[in-house]
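Undergrad: Need a 3D model of the sequence below.
(one chain, ligands or ions: 1)
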Amino acid sequence: LEQEVRMAHGDVAAESSSIANFGALLDRANIWRAYALYENGEIRLSHEELAPVRSFFERSRDYVQHEAVFFERERQLDTIFTAFVHDTRRGLAQGGLRLCEYATMADLLSDGLRLSQGMSRKNALAGLHWGGGKGIIALPPSAPSIEAYKEARFAKERKRLFEAYGRFVASLGGVYYTAEDMGTVTADMNVLLANNRFTTCIAADHGGSGNPSAHTAWGVFRSMQAAWQFLHGTDDLKGVRVAVQGAGNVGAPLIENLHRVGAKLIIAEFAPTLREKMRGHYPGAEVLDDHEKIFDADAEIFAPCARGNVLNPNTIARLRVQLVCGAANNQLGERHDAELLHEKKILYVPDYVCNRTGIINCADEWAGYLEEDVAQATERLYPDTLNVLRRAQARGISPAVAADSMADAAAAELHPMFGHRGRRLIDHLVRSGWSARRAAEPLS
Ligand code: NAD
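TA: Numbering: from 1, shown residues only. From the prediction side, this is the model:
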């Protein structure tokens, strides 16, 4: 209680607040919707009760003048909906929706702020006219785990959750376009789509492009080949030992691509069923019993394809590889960890450089879907990766710094037709009293 009272007075940042505490804070203040936005050099809040969020943003290194963060309280399922809008100069904010468990509100905010910034960079570097956004739903307390929440016993509750999030996206009027991401599946996209028209990555039978993961995996593979070419003057990965973390949607097809060219595989996978599957498919591969040991693997390449925050001082100290190139978003614990890799002479292909094909696939579906265009765009990953690495080498900087500066310059370009329309949409939401309205109820 003391913590909540201090939070309510803004003395304490959101660091120590659980999602439940934050929800309770909104309930006490009778807040259904809220925003924090950046305006004329200042953070503006819809409600004074959000002062702890302001103090978090002011102190967080992850906050880089995002245009807006939107919140909605979902009381029935006791959770929080969020939409992060980083930069809409190049286009409306686009980025996947994550359903995830967070210990604190600060963890959730950090994740959303970083991911939406990463999406600005990824979209810009991919040449898409989209800005950076991200959606997050905190896993409701009724769910024992992310995996269990996919079980049939939660089907009704899950549908209700995504319907409500779909209405939240609709209420934002197009400033944020959502998509599939960690913890969400294509079926959830269909539920979202039924509640707004700002959903992408939808199922093929609903006129969309379906699951993009195989394309993402091929893009990561081509980037890896390019980086190997940069290091060794050949892109032949035959006999090269590659440690792959995660054999899920992207990891599994990446493993298959590597297997086909004769790479030697070391695989770490959290789920026992997938470990067994990998053992069955690839008898020559080393499938680790202890997935944590992947950081110590005797390999030349590390491909993180599971979750974020896997490159930090602890893990980097253990890595024995020459190259890190994988699909996972937000691989760096902190931005400085890219410099640690650089100092250790481990070549790092920034995640948003090599994992962009998923979003390219979603973008293509907007104008009707032509898989051949996605394949063509994916092939550009090879020269683009080489370009980033050569630029970094020529300037004596890390690939992360080189990629960030290229991406930030592209993100600053205005959309050729709509200009900075996302900002105007945000202003319109504020003027029209979006935050004073209750969360939309289901249509009866
Ligand atoms: P996924 O959930 O299908 O696969 C992740 C796999 O990693 C799961 O099988 C999980 O059991 C395993 N895992 C989790 N923690 C692990 C650990 N510590 N060690 C070993 N295995 C672990 O997700 P995905 O769609 O394959 O995406 C993987 C990563 O790539 C995510 O970070 C995602 O954001 C990113 N990404 C995916 C796409 C895409 O097209 N799917 C596009 C861009 C980026």
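Undergrad: can you list the residues of the stretch 251-400 of the chain near the ligand?
TA: Within the stretch 251-400 of the chain, the positions lying close to the ligand (C-beta under 6 Å from any ligand atom) are 251, 268-271, 274, 291, 305-308, 327-329, 355, 358. From N, CA and C alone the C-beta is placed, and that goes for glycine too.
Undergrad: Let's see the PyMOL selection covering just the buried ones among those residues.
TA: To isolate the buried subset of those in PyMOL, counting by 16 or more other C-beta atoms under 10 Å, use the following:
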select buried, resi 251+268+269+274+291+305+306+307+308+327+328+329+355+358
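Undergrad: Check the residues of the stretch 251-400 of the chain next to the ligand and tell me the two furthest apart.
TA: Farthest pair in those (C-beta to C-beta) is His291 and Gly358. Separation: 23.2 Å.
Undergrad: Does the residue of the chain found nearest the ligand belong to a helix, a strand or coil?
TA: Residue nearest to the ligand within the chain (C-beta to the nearest ligand atom): Gly248, separated by 1.9 Å. Secondary structure, DSSP: H, G, I helix; E, B strand; the rest coil: Gly248 is coil.
Undergrad: how close does it get to Leu254?
TA: Computed as C-beta to C-beta, to the nearest Å, the Gly248 to Leu254 distance reads 10 Å.
Undergrad: Need the residues touching each of the two.
TA: Common neighbours of Gly248 and Leu254, counting by C-beta atoms under 8 Å, 6 or more residues apart in numbering, are Cys305.
Undergrad: re the thing from before, restricted to strands, list the residues of the stretch 251-400 of the chain next to the ligand.
TA: Among these, the residues falling in strands (DSSP state E) are Ala268.
Undergrad: Filter the residues of the stretch 251-400 of the chain next to the ligand down to the ones in helices?
TA: Those of those mapping onto helices are 251, 274, 358, per DSSP state H.
Undergrad: ok, back up a step: who are the contact partners of the residue of the chain closest to the ligand?
TA: Gly248 sits next to 213, 269, 274, 305-306 when contact means C-beta under 8 Å, 6+ apart.
Undergrad: For the residue nearest the centre of the chain, identify the helix or strand it belongs to.
TA: With distances taken as C-alpha atoms, centre = their mean, Leu115 lies nearest the centre of the chain, 4.7 Å away. Element membership for Leu115 (DSSP states H and E) is helix 105-125.
Undergrad: Skip ahead from that helix and say which helix or strand is next.
TA: Next helix or strand after helix 105-125 toward the C-terminus (DSSP H and E): strand 131-138.
Undergrad: Which strands or helices does that next one pack on?
TA: Counting contacts by 3 or more C-beta pairs under 8 Å, 6 or more residues apart in numbering; DSSP states H and E, strand 131-138 packs against strand 79-87, strand 93-94, strand 97-100, helix 105-125, helix 155-171, strand 176-177.
Undergrad: and the fifth one, what's its mean pLDDT?
TA: Going back to what we said before, that points to helix 155-171. Computed over helix 155-171, the mean pLDDT rounds to 97.
Undergrad: mind checking how far the closest residue to the residue nearest to the centre of the chain other than its chain neighbours is from Pro383?
TA: Spatial nearest neighbour of Leu115, chain neighbours left out: Lys134 (4.1 Å); criterion: C-beta to C-beta, 6 or more residues apart in numbering. The spacing between Lys134 and Pro383, counted by C-beta to C-beta, is 28 Å.
Undergrad: Same drill for these two, tell me which one is more crowded.
TA: Using other C-beta atoms under 10 Å as the criterion, Lys134 and Pro383 rank with Lys134 on top: 30 against 11.
Undergrad: wait, doesn't that one sit right on Met119?
TA: Yes - taking contacts as C-beta atoms under 8 Å, Lys134 lies within contact range of Met119: 6.0 Å.
Undergrad: which neighbours do those two share?
TA: Common contacts of Lys134 and Met119 (C-beta under 8 Å, 6+ apart): 86, 95.
Undergrad: Where does pLDDT dip in the stretch 1-150 of the chain?
TA: Low-confidence segments of the stretch 1-150 of the chain, defined by pLDDT under 70, span residues 1-16.
Undergrad: So Phe270 is in contact with Ile294, correct?
TA: No - Phe270 lies out of contact with Ile294 (C-beta under 8 Å); the separation is 10.6 Å.
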